[in-house]
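A.B. asks: The sequence and its predicted three-dimensional model are supplied below.
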Amino acid sequence: MRPLGVLQCLVLHCPAPRRLAAFYQELLGGEVNRPDRRWAVNADWSTLHLPDGRVLCFQRQPGHRRPVWGDSQRPQLAHLDIDVADLSAAHERVLELGATLLDSALGRGWQVYADPAGHPFCLLGH
């Protein structure tokens, strides 16, 4: 079956797009706000072009409310899973970058964090 479309990017809503793009750049690498004909970057929109060609985008949302892990009244609607070579070292680094630990269990091989805008993501050791 021929697909209807191709995923262009994943957009995360947040209060400070450039700051959140910089957070994910430290976590995943890539280039923040690289010129791209598809988007105009400004105070309300930032991009992160990842080394593998994927793109994360960050859009300012006035009145943004952080998701609350495990709360059905303010649920997360999506989350990112990120493979890391050393879970303990990655844990320390994301905390330095401004992440918050939401659910810890190193023995299971993954942990849940929130980025500075409250979006959950998991670090998975391998």
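C.D. replies: Thanks, I have the structure now.
A.B. asks: Going by contacts, tell me the helices and strands next to the lowest-mean-pLDDT helix or strand in the chain.
C.D. replies: Each helix and strand of the chain was given a mean pLDDT (mean pLDDT, DSSP states H and E); the minimum falls on strand 80-84 at a mean of 84. Other elements packing on strand 80-84 under the criterion 3 or more C-beta pairs under 8 Å, 6 or more residues apart in numbering; DSSP states H and E are strand 120-125. For every residue, glycine as well, the C-beta is placed using N, CA and C.
A.B. asks: now the strand it packs on against strand 80-84, angle please.
C.D. replies: Comparing the axes of strand 120-125 and strand 80-84 via axes from the mean of the first three to the mean of the last three C-alpha atoms, to 10 degrees yields an angle of 20 degrees.
A.B. asks: got the domain boundaries for the chain?
C.D. replies: Per the record, the chain has its domains at 10-60, 80-125, by automatic domain parsing.
A.B. asks: Mean pLDDT lowest where, among those domains?
C.D. replies: Out of the domains of the chain, domain 80-125 stands lowest, with a mean of 87 (criterion: mean pLDDT).
A.B. asks: any idea how far the spatially most central residue of the chain is from Gly70?
C.D. replies: Using C-alpha atoms, centre = their mean, the residue of the chain that lies closest to the mean C-alpha position is Tyr24, 5.7 Å off. Distance, Tyr24 to Gly70, by C-beta to C-beta, to the nearest Å: 23 Å.
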